[in-house]
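> The sequence isn't on hand, but the structure is:
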C-alpha cells in the first residue's frame with residue numbers, strides 16, 4: 001500500500017511540474033508587437049501596451065519662441081498631444097499664441113511637417129528642441145509674414 005501511495009504522489013508531482021512548465025511557457029512572449037513602434041520586439045505573442053512611437057517623443061508642454069517679421073518676438077507655451085490613438089506619426093500642437101496645428105513627424109530624416117495655416121517643414125534638432133520656419137499671407141500693409149517657431153523643453 002505504501003508503494004502505491006509513494007508512486008501515486010511521485011507521479012502526481014511529476015505531472016504537476018511538467019504541467020506548470022508547459023503552462024508558463026505557453027503564456028507567450030509579452031511586449032510591443034507593433035512593427036512600426038520604436039520598441040518593437042520580434043516574436044511577441046501578447047502585446048502589453050508598451051509600444052512607443054515617433055510622435056510620442058514630442059508629447060508634452062513646450063516653451064515656444066515665435067519670431068515674426070510682422071509682430072516681432074513673442075513667447076508662449078504649447079501643448080503637443082497625440083493626434084489620434086491609432087495614428088503613430090502625427091501630433092497636434094495647441095497654443096493660444098500660435099493657434100492649433102497638425103504636425104507630421106518624420107524621425108528618419110529628422111523633419112516635421114507643420115500645417116498652420118500652410119505647409120511648412122521644420123527641423124528636429126533632438127527630442128527637446130525643434131524649429132519651424134515659414135511664410136504665410138496675412139492682411140495688412142505687409143501681406144507676407146516670415147516666421148520662426150522655436151520649440152524647447
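In hand now; what should we look at? What you see is a predicted model; the values in this text were computed from it and never measured.

> What segments of this protein are strands?
Here the chain has its strands, by DSSP state E, at 30-31, 46-47, 60-68, 72-82, 90-95, 99-106, 111-115, 119-126, 129-137, 144-152.

> Mean neighbour count added to these, as a markdown table?
Every residue, glycine included, has its C-beta placed from N, CA and C. Below are the strands of the chain laid out as a markdown table (neighbours: other CB atoms under 10 Å):
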| stretch | mean neighbour count |
| --- | --- |
| strand 30-31 | 16 |
| strand 46-47 | 12 |
| strand 60-68 | 16 |
| strand 72-82 | 14 |
| strand 90-95 | 19 |
| strand 99-106 | 17 |
| strand 111-115 | 19 |
| strand 119-126 | 15 |
| strand 129-137 | 16 |
| strand 144-152 | 17 |
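
> Just put these in JSON lines and tack on distance to residue 40.
Formatted as JSON lines, the strands of the chain follow (distance: least, CB to CB, whole Å):
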{"stretch": "strand 30-31", "distance to residue 40": "8"}
{"stretch": "strand 46-47", "distance to residue 40": "10"}
{"stretch": "strand 60-68", "distance to residue 40": "23"}
{"stretch": "strand 72-82", "distance to residue 40": "18"}
{"stretch": "strand 90-95", "distance to residue 40": "19"}
{"stretch": "strand 99-106", "distance to residue 40": "17"}
{"stretch": "strand 111-115", "distance to residue 40": "22"}
{"stretch": "strand 119-126", "distance to residue 40": "21"}
{"stretch": "strand 129-137", "distance to residue 40": "24"}
{"stretch": "strand 144-152", "distance to residue 40": "27"}
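
> Quick check: the gap between residue 102 and residue 32.
Distance, residue 102 to residue 32, using CB to CB, to the nearest Å: 25 Å.

> And for residue 71?
44 Å.

> the more surrounded of these two?
residue 32 (18 against 12; other CB atoms under 10 Å).

> Alright, that wraps it up for me.
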